[in-house]
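# here is a sequence together with a model predicted from it:
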Amino acid sequence: MNWIRQHPRLAFAVAVVLGMAVFAAVRKLQGPVVDTARVTAGPIEHSIVVTGRVQAPHRVEIGSVITARVEKVTVEEGAKVEAGQPLVLLETGELQASLAQARAAEASAQARLLAVRELNLPQSADAVAQAEAQWRFAEQEFRRTRDLHAKGFVSEARLQDAERLLTVAKSQLETARTQARAQGASGALAREAATRLQEATAARELAESKLAQATIRASVPGTVLARAVEPGDIVSPGKRLLVLDSAGETRLTAQIDEKNLPYLRIGQQAIASSEAFAGESFKAALYYVSPAVDVTRGSVEARFRVPDPPPYLRADMTVSIDIGVGRKERALTVPAEAVRESAGVRSAQVVRDGRVATARVETGVGSSARVEILSGLGEGETVLLTRGIADGSRVRPREARR
(Lines give C-alpha, C1' and ligand atoms only; values in the text may rest on other atoms or scores of the structure.)
Protein backbone atom coordinates (compact mmCIF):
# COMPACT_ATOMS: atom_id res chain seq x y z
CA MET A 1 0.00 0.00 0.00
CA ASN A 2 2.87 2.35 0.82
CA TRP A 3 4.33 1.58 -2.62
CA ILE A 4 1.09 2.58 -4.29
CA ARG A 5 1.01 5.84 -2.30
CA GLN A 6 4.61 6.53 -3.21
CA HIS A 7 4.18 5.74 -6.93
CA PRO A 8 0.56 6.51 -7.89
CA ARG A 9 1.19 6.98 -11.62
CA LEU A 10 3.03 3.71 -11.95
CA ALA A 11 0.31 1.94 -10.02
CA PHE A 12 -2.33 3.41 -12.36
CA ALA A 13 -0.41 2.23 -15.42
CA VAL A 14 -0.13 -1.28 -13.99
CA ALA A 15 -3.85 -1.31 -13.28
CA VAL A 16 -4.66 -0.26 -16.86
CA VAL A 17 -2.44 -2.96 -18.32
CA LEU A 18 -3.96 -5.61 -16.08
CA GLY A 19 -7.44 -4.41 -17.01
CA MET A 20 -6.70 -4.63 -20.71
CA ALA A 21 -5.24 -8.09 -20.29
CA VAL A 22 -8.31 -9.27 -18.44
CA PHE A 23 -10.58 -7.70 -21.11
CA ALA A 24 -8.62 -9.37 -23.91
CA ALA A 25 -8.75 -12.71 -22.13
CA VAL A 26 -12.51 -12.42 -21.70
CA ARG A 27 -12.93 -11.45 -25.36
CA LYS A 28 -10.80 -14.38 -26.42
CA LEU A 29 -12.92 -16.72 -24.36
CA GLN A 30 -16.06 -15.24 -25.92
CA GLY A 31 -14.68 -15.71 -29.46
CA PRO A 32 -14.54 -13.44 -32.54
CA VAL A 33 -17.37 -11.27 -33.80
CA VAL A 34 -19.11 -12.96 -36.73
CA ASP A 35 -21.84 -11.89 -39.15
CA THR A 36 -25.06 -13.81 -38.76
CA ALA A 37 -28.64 -13.86 -40.02
CA ARG A 38 -31.93 -15.26 -38.79
CA VAL A 39 -33.96 -18.04 -40.36
CA THR A 40 -37.13 -16.18 -41.27
CA ALA A 41 -40.53 -17.14 -42.63
CA GLY A 42 -42.15 -15.23 -45.48
CA PRO A 43 -42.54 -15.02 -49.25
CA ILE A 44 -39.65 -15.89 -51.57
CA GLU A 45 -39.10 -15.30 -55.25
CA HIS A 46 -37.79 -18.40 -57.00
CA SER A 47 -35.18 -17.58 -59.60
CA ILE A 48 -32.45 -19.35 -61.52
CA VAL A 49 -29.11 -17.56 -61.76
CA VAL A 50 -26.84 -18.53 -64.64
CA THR A 51 -23.80 -17.13 -66.35
CA GLY A 52 -24.19 -16.17 -69.98
CA ARG A 53 -22.65 -14.11 -72.74
CA VAL A 54 -23.73 -11.25 -74.95
CA GLN A 55 -24.44 -12.61 -78.39
CA ALA A 56 -24.14 -10.35 -81.42
CA PRO A 57 -27.21 -10.59 -83.71
CA HIS A 58 -24.94 -11.59 -86.59
CA ARG A 59 -21.24 -11.74 -87.15
CA VAL A 60 -20.37 -10.89 -90.72
CA GLU A 61 -16.97 -11.86 -92.07
CA ILE A 62 -15.86 -9.52 -94.85
CA GLY A 63 -13.58 -10.90 -97.58
CA SER A 64 -12.59 -10.38 -101.20
CA VAL A 65 -13.94 -12.32 -104.17
CA ILE A 66 -10.95 -11.43 -106.34
CA THR A 67 -7.19 -11.63 -105.92
CA ALA A 68 -5.53 -8.22 -105.74
CA ARG A 69 -3.24 -5.98 -103.71
CA VAL A 70 -4.75 -3.78 -100.99
CA GLU A 71 -4.41 -0.08 -101.69
CA LYS A 72 -6.22 1.36 -98.66
CA VAL A 73 -8.18 0.29 -95.56
CA THR A 74 -10.70 2.95 -94.57
CA VAL A 75 -11.80 1.72 -91.10
CA GLU A 76 -10.28 0.78 -87.75
CA GLU A 77 -11.50 -1.69 -85.12
CA GLY A 78 -14.46 -0.30 -83.20
CA ALA A 79 -15.63 1.92 -86.07
CA LYS A 80 -19.35 2.21 -86.77
CA VAL A 81 -20.17 1.57 -90.43
CA GLU A 82 -23.25 1.87 -92.62
CA ALA A 83 -24.45 -0.57 -95.27
CA GLY A 84 -22.62 0.08 -98.54
CA GLN A 85 -19.78 2.04 -96.92
CA PRO A 86 -16.34 1.37 -98.52
CA LEU A 87 -14.10 -0.59 -96.15
CA VAL A 88 -11.16 -1.83 -98.25
CA LEU A 89 -9.90 -0.47 -101.58
CA LEU A 90 -7.94 -2.78 -103.91
CA GLU A 91 -5.61 -1.77 -106.73
CA THR A 92 -7.56 -1.33 -109.99
CA GLY A 93 -5.02 -0.71 -112.76
CA GLU A 94 -5.34 -4.12 -114.41
CA LEU A 95 -9.09 -4.21 -113.90
CA GLN A 96 -9.55 -0.80 -115.53
CA ALA A 97 -7.48 -1.94 -118.52
CA SER A 98 -9.65 -5.05 -118.85
CA LEU A 99 -12.77 -2.88 -118.72
CA ALA A 100 -11.43 -0.57 -121.44
CA GLN A 101 -10.67 -3.60 -123.64
CA ALA A 102 -14.15 -5.00 -123.05
CA ARG A 103 -15.79 -1.67 -123.90
CA ALA A 104 -13.79 -1.50 -127.15
CA ALA A 105 -14.88 -5.02 -128.08
CA GLU A 106 -18.51 -4.11 -127.36
CA ALA A 107 -18.25 -1.01 -129.54
CA SER A 108 -16.81 -3.13 -132.38
CA ALA A 109 -19.66 -5.64 -132.07
CA GLN A 110 -22.20 -2.81 -132.11
CA ALA A 111 -20.63 -1.41 -135.28
CA ARG A 112 -20.72 -4.85 -136.90
CA LEU A 113 -24.43 -5.28 -136.12
CA LEU A 114 -25.13 -1.77 -137.37
CA ALA A 115 -23.27 -2.52 -140.60
CA VAL A 116 -25.35 -5.65 -141.14
CA ARG A 117 -28.59 -3.77 -140.57
CA GLU A 118 -27.83 -0.49 -142.33
CA LEU A 119 -25.31 -1.42 -145.04
CA ASN A 120 -25.42 -5.09 -145.95
CA LEU A 121 -29.20 -5.33 -145.91
CA PRO A 122 -29.77 -2.49 -148.45
CA GLN A 123 -26.97 -3.89 -150.62
CA SER A 124 -28.51 -7.33 -150.58
CA ALA A 125 -31.90 -5.83 -151.47
CA ASP A 126 -30.35 -4.07 -154.47
CA ALA A 127 -28.66 -7.31 -155.49
CA VAL A 128 -32.02 -9.14 -155.35
CA ALA A 129 -33.64 -6.43 -157.49
CA GLN A 130 -30.86 -6.67 -160.09
CA ALA A 131 -31.04 -10.46 -160.11
CA GLU A 132 -34.81 -10.34 -160.59
CA ALA A 133 -34.42 -7.92 -163.50
CA GLN A 134 -31.83 -10.15 -165.15
CA TRP A 135 -34.01 -13.22 -164.60
CA ARG A 136 -37.06 -11.52 -166.17
CA PHE A 137 -34.97 -10.40 -169.14
CA ALA A 138 -33.53 -13.92 -169.55
CA GLU A 139 -37.01 -15.41 -169.37
CA GLN A 140 -38.38 -13.07 -172.03
CA GLU A 141 -35.38 -13.74 -174.24
CA PHE A 142 -35.87 -17.52 -173.85
CA ARG A 143 -39.55 -17.33 -174.81
CA ARG A 144 -38.84 -15.17 -177.85
CA THR A 145 -36.03 -17.51 -178.97
CA ARG A 146 -38.25 -20.54 -178.46
CA ASP A 147 -41.00 -19.02 -180.63
CA LEU A 148 -38.51 -18.17 -183.36
CA HIS A 149 -37.03 -21.67 -183.16
CA ALA A 150 -40.49 -23.16 -183.63
CA LYS A 151 -40.92 -21.11 -186.85
CA GLY A 152 -37.48 -22.10 -188.03
CA PHE A 153 -35.89 -18.67 -187.83
CA VAL A 154 -33.18 -19.58 -185.24
CA SER A 155 -31.05 -22.65 -184.72
CA GLU A 156 -31.16 -25.22 -181.98
CA ALA A 157 -27.88 -23.90 -180.55
CA ARG A 158 -29.34 -20.42 -180.18
CA LEU A 159 -32.29 -21.88 -178.27
CA GLN A 160 -29.95 -23.79 -175.95
CA ASP A 161 -27.92 -20.62 -175.23
CA ALA A 162 -31.09 -18.76 -174.26
CA GLU A 163 -32.15 -21.60 -171.99
CA ARG A 164 -28.72 -21.66 -170.35
CA LEU A 165 -28.83 -17.91 -169.71
CA LEU A 166 -32.26 -18.28 -168.11
CA THR A 167 -30.96 -21.03 -165.78
CA VAL A 168 -27.98 -18.88 -164.76
CA ALA A 169 -30.22 -15.88 -164.11
CA LYS A 170 -32.56 -17.99 -161.98
CA SER A 171 -29.63 -19.35 -159.95
CA GLN A 172 -28.25 -15.86 -159.41
CA LEU A 173 -31.69 -14.71 -158.23
CA GLU A 174 -31.91 -17.55 -155.69
CA THR A 175 -28.39 -16.72 -154.46
CA ALA A 176 -29.26 -13.05 -154.05
CA ARG A 177 -32.46 -13.92 -152.19
CA THR A 178 -30.55 -16.31 -149.87
CA GLN A 179 -27.99 -13.64 -149.07
CA ALA A 180 -30.75 -11.12 -148.44
CA ARG A 181 -32.47 -13.49 -146.05
CA ALA A 182 -29.16 -14.13 -144.23
CA GLN A 183 -28.56 -10.42 -143.77
CA GLY A 184 -32.13 -9.62 -142.82
CA ALA A 185 -33.29 -8.74 -139.30
CA SER A 186 -33.79 -12.44 -138.48
CA GLY A 187 -31.11 -13.79 -140.78
CA ALA A 188 -28.02 -15.80 -139.89
CA LEU A 189 -25.56 -12.91 -140.32
CA ALA A 190 -27.74 -10.59 -138.25
CA ARG A 191 -28.16 -13.23 -135.55
CA GLU A 192 -24.41 -13.84 -135.51
CA ALA A 193 -23.70 -10.13 -135.19
CA ALA A 194 -26.30 -9.83 -132.42
CA THR A 195 -24.77 -12.80 -130.60
CA ARG A 196 -21.30 -11.23 -130.84
CA LEU A 197 -22.71 -8.03 -129.37
CA GLN A 198 -24.34 -9.95 -126.48
CA GLU A 199 -21.02 -11.69 -125.76
CA ALA A 200 -19.17 -8.37 -125.82
CA THR A 201 -21.77 -6.75 -123.56
CA ALA A 202 -21.52 -9.64 -121.08
CA ALA A 203 -17.72 -9.33 -121.09
CA ARG A 204 -18.00 -5.60 -120.43
CA GLU A 205 -20.46 -6.15 -117.57
CA LEU A 206 -18.13 -8.79 -116.09
CA ALA A 207 -15.22 -6.37 -116.27
CA GLU A 208 -17.33 -3.66 -114.61
CA SER A 209 -18.38 -6.13 -111.89
CA LYS A 210 -14.79 -7.08 -111.16
CA LEU A 211 -13.81 -3.44 -111.01
CA ALA A 212 -16.68 -2.80 -108.58
CA GLN A 213 -15.46 -5.74 -106.48
CA ALA A 214 -12.18 -3.90 -105.98
CA THR A 215 -14.09 -1.69 -103.54
CA ILE A 216 -15.10 -3.95 -100.62
CA ARG A 217 -18.16 -2.50 -98.90
CA ALA A 218 -20.10 -3.21 -95.71
CA SER A 219 -23.02 -5.50 -96.45
CA VAL A 220 -24.88 -4.46 -93.27
CA PRO A 221 -24.65 -1.62 -90.76
CA GLY A 222 -22.65 -2.49 -87.66
CA THR A 223 -19.38 -2.23 -85.76
CA VAL A 224 -15.93 -3.41 -86.86
CA LEU A 225 -14.87 -6.10 -84.37
CA ALA A 226 -11.65 -7.27 -86.00
CA ARG A 227 -9.32 -6.07 -88.76
CA ALA A 228 -6.89 -8.49 -90.36
CA VAL A 229 -5.74 -6.56 -93.44
CA GLU A 230 -3.28 -3.76 -94.12
CA PRO A 231 -2.31 -1.76 -97.24
CA GLY A 232 0.05 -3.77 -99.42
CA ASP A 233 -1.40 -7.17 -98.46
CA ILE A 234 -2.33 -9.57 -101.24
CA VAL A 235 -5.90 -10.73 -100.68
CA SER A 236 -7.71 -13.63 -102.31
CA PRO A 237 -11.08 -15.35 -102.04
CA GLY A 238 -11.53 -17.17 -98.72
CA LYS A 239 -9.30 -14.85 -96.67
CA ARG A 240 -11.06 -13.01 -93.83
CA LEU A 241 -10.28 -9.30 -93.88
CA LEU A 242 -12.74 -7.77 -91.40
CA VAL A 243 -15.38 -8.98 -88.93
CA LEU A 244 -18.52 -6.90 -88.39
CA ASP A 245 -20.93 -7.07 -85.49
CA SER A 246 -24.13 -6.20 -87.34
CA ALA A 247 -26.47 -3.67 -85.77
CA GLY A 248 -29.71 -5.19 -84.56
CA GLU A 249 -31.35 -6.89 -81.62
CA THR A 250 -29.01 -7.62 -78.70
CA ARG A 251 -29.32 -11.13 -77.28
CA LEU A 252 -27.88 -13.20 -74.46
CA THR A 253 -27.07 -16.89 -74.53
CA ALA A 254 -26.54 -19.20 -71.54
CA GLN A 255 -26.24 -22.86 -70.64
CA ILE A 256 -28.81 -23.86 -67.98
CA ASP A 257 -28.63 -27.08 -65.95
CA GLU A 258 -31.15 -29.60 -67.27
CA LYS A 259 -32.61 -30.03 -63.78
CA ASN A 260 -34.10 -26.54 -64.16
CA LEU A 261 -36.03 -27.43 -67.33
CA PRO A 262 -39.38 -27.76 -65.49
CA TYR A 263 -39.15 -24.12 -64.40
CA LEU A 264 -38.39 -22.57 -67.80
CA ARG A 265 -41.15 -20.93 -69.83
CA ILE A 266 -40.89 -18.86 -72.99
CA GLY A 267 -41.51 -15.21 -72.16
CA GLN A 268 -40.11 -15.35 -68.61
CA GLN A 269 -38.49 -12.11 -67.51
CA ALA A 270 -34.92 -11.93 -66.27
CA ILE A 271 -32.55 -9.37 -64.81
CA ALA A 272 -29.01 -9.38 -66.18
CA SER A 273 -25.88 -7.61 -65.01
CA SER A 274 -22.19 -7.45 -65.83
CA GLU A 275 -19.45 -7.79 -63.25
CA ALA A 276 -17.55 -5.08 -65.09
CA PHE A 277 -20.35 -2.60 -64.34
CA ALA A 278 -21.34 -3.46 -60.78
CA GLY A 279 -24.59 -1.98 -59.56
CA GLU A 280 -26.10 -1.70 -63.04
CA SER A 281 -28.62 -4.15 -64.45
CA PHE A 282 -30.93 -4.48 -67.45
CA LYS A 283 -34.00 -6.47 -68.42
CA ALA A 284 -34.06 -9.55 -70.67
CA ALA A 285 -36.75 -11.99 -71.79
CA LEU A 286 -36.42 -15.72 -72.48
CA TYR A 287 -37.42 -16.50 -76.09
CA TYR A 288 -35.72 -19.82 -76.91
CA VAL A 289 -34.86 -23.05 -75.10
CA SER A 290 -32.98 -25.67 -77.09
CA PRO A 291 -34.92 -28.91 -77.68
CA ALA A 292 -31.68 -30.88 -77.21
CA VAL A 293 -29.60 -31.44 -74.08
CA ASP A 294 -25.81 -31.16 -74.24
CA VAL A 295 -24.82 -34.60 -72.94
CA THR A 296 -21.27 -33.53 -72.10
CA ARG A 297 -22.43 -30.75 -69.77
CA GLY A 298 -25.95 -31.84 -68.85
CA SER A 299 -27.32 -28.45 -69.87
CA VAL A 300 -29.59 -26.80 -72.41
CA GLU A 301 -28.96 -23.62 -74.35
CA ALA A 302 -31.28 -20.70 -73.58
CA ARG A 303 -31.45 -17.37 -75.38
CA PHE A 304 -32.76 -14.02 -74.18
CA ARG A 305 -33.75 -10.83 -75.94
CA VAL A 306 -32.60 -7.50 -74.50
CA PRO A 307 -35.22 -4.90 -75.47
CA ASP A 308 -33.27 -1.91 -74.14
CA PRO A 309 -29.55 -2.79 -74.06
CA PRO A 310 -27.26 -0.46 -72.09
CA PRO A 311 -24.52 1.20 -74.14
CA TYR A 312 -21.70 -0.60 -72.29
CA LEU A 313 -22.64 -4.08 -73.57
CA ARG A 314 -20.06 -5.66 -75.86
CA ALA A 315 -20.14 -8.82 -77.94
CA ASP A 316 -19.06 -11.89 -75.90
CA MET A 317 -19.20 -9.95 -72.60
CA THR A 318 -19.89 -12.22 -69.62
CA VAL A 319 -23.15 -11.48 -67.80
CA SER A 320 -25.09 -12.91 -64.86
CA ILE A 321 -28.74 -13.67 -65.66
CA ASP A 322 -31.33 -13.93 -62.88
CA ILE A 323 -34.47 -15.64 -64.27
CA GLY A 324 -37.64 -15.26 -62.21
CA VAL A 325 -39.49 -18.59 -62.41
CA GLY A 326 -41.98 -18.51 -59.50
CA ARG A 327 -43.00 -17.30 -56.03
CA LYS A 328 -43.80 -18.97 -52.71
CA GLU A 329 -45.89 -16.99 -50.26
CA ARG A 330 -44.69 -18.84 -47.14
CA ALA A 331 -41.26 -20.43 -46.73
CA LEU A 332 -38.35 -20.60 -44.28
CA THR A 333 -35.43 -18.78 -45.89
CA VAL A 334 -31.84 -17.80 -45.19
CA PRO A 335 -29.38 -15.64 -47.13
CA ALA A 336 -27.92 -17.59 -50.06
CA GLU A 337 -24.36 -17.20 -48.73
CA ALA A 338 -25.29 -19.05 -45.55
CA VAL A 339 -25.68 -22.33 -47.44
CA ARG A 340 -22.54 -24.29 -48.30
CA GLU A 341 -22.28 -27.27 -50.60
CA SER A 342 -19.63 -29.97 -50.59
CA ALA A 343 -19.70 -33.27 -52.48
CA GLY A 344 -23.38 -32.76 -53.22
CA VAL A 345 -24.27 -32.23 -49.52
CA ARG A 346 -25.68 -28.86 -48.44
CA SER A 347 -25.20 -27.47 -44.98
CA ALA A 348 -25.26 -24.30 -42.93
CA GLN A 349 -23.33 -23.28 -39.81
CA VAL A 350 -25.54 -22.24 -36.90
CA VAL A 351 -24.78 -20.52 -33.60
CA ARG A 352 -26.18 -22.48 -30.66
CA ASP A 353 -25.29 -21.52 -27.06
CA GLY A 354 -22.55 -19.25 -28.34
CA ARG A 355 -20.78 -22.00 -30.26
CA VAL A 356 -20.68 -22.87 -33.96
CA ALA A 357 -22.18 -26.10 -35.26
CA THR A 358 -22.86 -27.45 -38.76
CA ALA A 359 -26.39 -28.48 -39.68
CA ARG A 360 -27.14 -30.48 -42.78
CA VAL A 361 -30.01 -28.84 -44.66
CA GLU A 362 -32.35 -29.61 -47.52
CA THR A 363 -33.09 -26.64 -49.77
CA GLY A 364 -35.98 -25.82 -52.05
CA VAL A 365 -36.51 -22.88 -54.35
CA GLY A 366 -34.24 -19.90 -54.20
CA SER A 367 -32.93 -16.74 -55.79
CA SER A 368 -29.60 -15.02 -55.94
CA ALA A 369 -30.34 -13.47 -52.52
CA ARG A 370 -32.19 -16.08 -50.43
CA VAL A 371 -32.69 -19.85 -50.34
CA GLU A 372 -35.65 -21.85 -49.04
CA ILE A 373 -34.88 -24.29 -46.19
CA LEU A 374 -37.02 -27.43 -46.27
CA SER A 375 -35.36 -29.18 -43.35
CA GLY A 376 -32.41 -28.91 -40.95
CA LEU A 377 -33.14 -25.45 -39.52
CA GLY A 378 -36.00 -23.87 -37.60
CA GLU A 379 -37.50 -20.41 -37.71
CA GLY A 380 -35.57 -17.91 -35.63
CA GLU A 381 -32.28 -19.84 -35.57
CA THR A 382 -29.09 -17.93 -36.19
CA VAL A 383 -26.98 -18.95 -39.20
CA LEU A 384 -23.38 -17.97 -39.75
CA LEU A 385 -22.46 -15.82 -42.76
CA THR A 386 -18.77 -15.44 -41.94
CA ARG A 387 -16.68 -18.26 -43.40
CA GLY A 388 -13.63 -20.00 -41.99
CA ILE A 389 -14.99 -20.58 -38.45
CA ALA A 390 -14.43 -24.10 -37.13
CA ASP A 391 -17.23 -26.06 -35.51
CA GLY A 392 -17.18 -25.78 -31.71
CA SER A 393 -15.68 -22.29 -31.72
CA ARG A 394 -17.15 -19.65 -29.47
CA VAL A 395 -18.34 -16.60 -31.36
CA ARG A 396 -20.04 -13.31 -30.73
CA PRO A 397 -22.93 -13.05 -33.23
CA ARG A 398 -23.53 -9.77 -35.00
CA GLU A 399 -26.65 -9.71 -37.16
CA ALA A 400 -25.78 -8.45 -40.62
CA ARG A 401 -27.93 -5.71 -42.09
CA ARG A 402 -30.00 -6.79 -45.10
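In hand now; what should we look at?

# from here on, contacts and neighbour counts on C-alpha atoms
Fine.

# ok, for Arg53, nearest residue in space, not its chain neighbours?
Thr318 (4.6 Å; CA to CA, 6 or more residues apart in numbering).

# C-terminal to the helix or strand of the chain with the lowest mean pLDDT, what's the next element?
Lowest by mean pLDDT, DSSP states H and E among the helices and strands of the chain is helix 8-30, with a mean of 49. Going down the chain from helix 8-30, the next helix or strand is strand 33-38, by DSSP states H and E.

# check which helices and strands that next one sits against.
If you count contacts as 3 or more CA pairs under 8 Å, 6 or more residues apart in numbering; DSSP states H and E, strand 33-38 packs onto strand 318-335, strand 382-384, strand 396-399.

# swap the cut-off to 6 Å and go again
strand 382-384, strand 396-399 (3 or more CA pairs under 6 Å, 6 or more residues apart in numbering; DSSP states H and E).

# so can I have TSV of those strands showing mean pLDDT and mean neighbour count?
Output for the helices and strands packed on strand 33-38, formatted as TSV (pLDDT from 0 to 100; neighbours: other CA atoms under 10 Å):
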stretch	mean pLDDT	mean neighbour count
strand 382-384	85	25
strand 396-399	82	17
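
# I'd like those laid out as TSV, including distance to Ala107.
What follows is the helices and strands packed on strand 33-38, written out as TSV (distance: least, CA to CA, whole Å):
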stretch	distance to Ala107
strand 382-384	92
strand 396-399	93
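
# those: which one's closest to Ala348?
strand 382-384 (6.7 Å; CA to CA).

# from the chain's centre, how far out does that closest one sit?
Relative to its parent chain, strand 382-384 has a centroid offset of 49 Å by CA atoms, centre = their mean, to the nearest Å.

# so what touches it?
Thr36, Ala37, Arg38, Gln349, Val350, Val351 (CA atoms under 6 Å, 6 or more residues apart in numbering).

# same thing but at 8 Å, please
Outside strand 382-384, the residues within contact range by CA atoms under 8 Å, 6 or more residues apart in numbering are 34-39, 334, 338, 348-352.

# could you do stretch 392-402 as well?
Contacting residues not belonging to stretch 392-402 are listed as 29-38, 351, 354-357 [CA under 8 Å, 6+ apart].

# count the residues that sit near the closest residue to Ser273 other than its chain neighbours.
Of all residues not flanking Ser273 in the chain, Ser281 sits nearest, at 4.5 Å (CA to CA, 6+ apart). Counted with other CA atoms under 10 Å, the neighbours of Ser281 add up to 17.

# run through the stretch 1-150 of the chain and note the low-pLDDT ranges.
Applying pLDDT under 70 to the stretch 1-150 of the chain flags residues 1-31, 56-57, 116-128.

# I meant the stretch 201-350 of the chain, not that one.
Filtered on pLDDT under 70, the stretch 201-350 of the chain yields the residue ranges 247.

# all strands for it, in order.
Assigned by DSSP state E, counting those that start in this stretch, the strands in the stretch 201-350 of the chain fall at 215-217, 222-227, 234-235, 240-246, 250-257, 269-273, 281-289, 299-306, 318-335, 339-342, 345-352.

# save these as a markdown table, and put in distance to Ile373 too.
What follows is the strands of the stretch 201-350 of the chain, written out as a markdown table (distance: least, CA to CA, whole Å):
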| stretch | distance to Ile373 |
| --- | --- |
| strand 215-217 | 59 |
| strand 222-227 | 47 |
| strand 234-235 | 63 |
| strand 240-246 | 45 |
| strand 250-257 | 21 |
| strand 269-273 | 24 |
| strand 281-289 | 28 |
| strand 299-306 | 25 |
| strand 318-335 | 5 |
| strand 339-342 | 9 |
| strand 345-352 | 10 |
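
# for Val371, which of the ones you listed is the nearest?
Minimum separation from Val371 across these (CA to CA) falls at strand 318-335, 5.3 Å.

# check which helices and strands the closest one sits against.
Secondary-structure packing of strand 318-335 (3+ CA pairs under 8 Å, 6+ apart): strand 33-38, strand 40-55, strand 269-273, strand 370-375.

# what are the structural domain limits within the protein?
The record's domain parsing of the chain by automatic domain parsing lists 33-54+249-399, 62-87+214-245, 94-212.

# report the buried residues of stretch 275-282.
Going by neighbour count (16 or more other CA atoms under 10 Å), the buried part of stretch 275-282 is Ser281.

# equivalent analysis for stretch 336-344, please.
Buried residues in stretch 336-344 (16+ other CA under 10 Å): Ala338, Val339.

# what distance separates the start and the end of that stretch?
One end of stretch 336-344 to the other measures 16 Å (CA to CA, to the nearest Å).

# mind checking how far Arg112 is from Gln198?
Taking CA to CA, one finds Arg112 at 12 Å from Gln198.

# so the two - more neighbours on which side?
In terms of neighbours (other CA under 10 Å), Arg112 is the more surrounded of Arg112 and Gln198; the figures are 20 against 15.

# now do the same for the residue lying closest to the more buried one once chain neighbours are set aside: its pLDDT.
Excluding its sequence neighbours, the residue lying closest to Arg112 (CA to CA, 6+ apart) is Ala193, at 6.3 Å. Per-residue confidence (pLDDT) for Ala193: 77.

# still on that earlier bit, and of the helices and strands packed on strand 33-38, who's closest to Thr253?
Of all the helices and strands packed on strand 33-38, strand 382-384 sits nearest to Thr253, with 35.0 Å by CA to CA.

# how about Pro237, phi and psi?
phi -60, psi 140 (degrees, to the nearest 10).

# wait, what's in contact with it?
Pro237 is in contact with Gly63, Ser64, Val65, Ile66, Thr67, counting by CA under 8 Å, 6+ apart.

# which residue is the nearest non-sequential neighbour of it?
Spatial nearest neighbour of Pro237, chain neighbours left out: Val65 (4.7 Å); criterion: CA to CA, 6+ apart.

# contact partners of stretch 197-209?
Stretch 197-209 is touched from outside by Leu95, Gln96, Ser98, Leu99, Ala102, Arg103, Ala105, Glu106, Ala109, Gln110, Leu113, with contacts defined as CA under 8 Å, 6+ apart.

# one more time with 6 Å
Leu99, Ala102, Arg103, Ala105, Glu106, Ala109, Gln110.

# wait, is the last one part of a strand?
No: the secondary structure assignment for Gln110 gives helix rather than a strand, going by DSSP: H, G, I helix; E, B strand; the rest coil.

# if anything else comes up later, I'll come back, but that's it for now.
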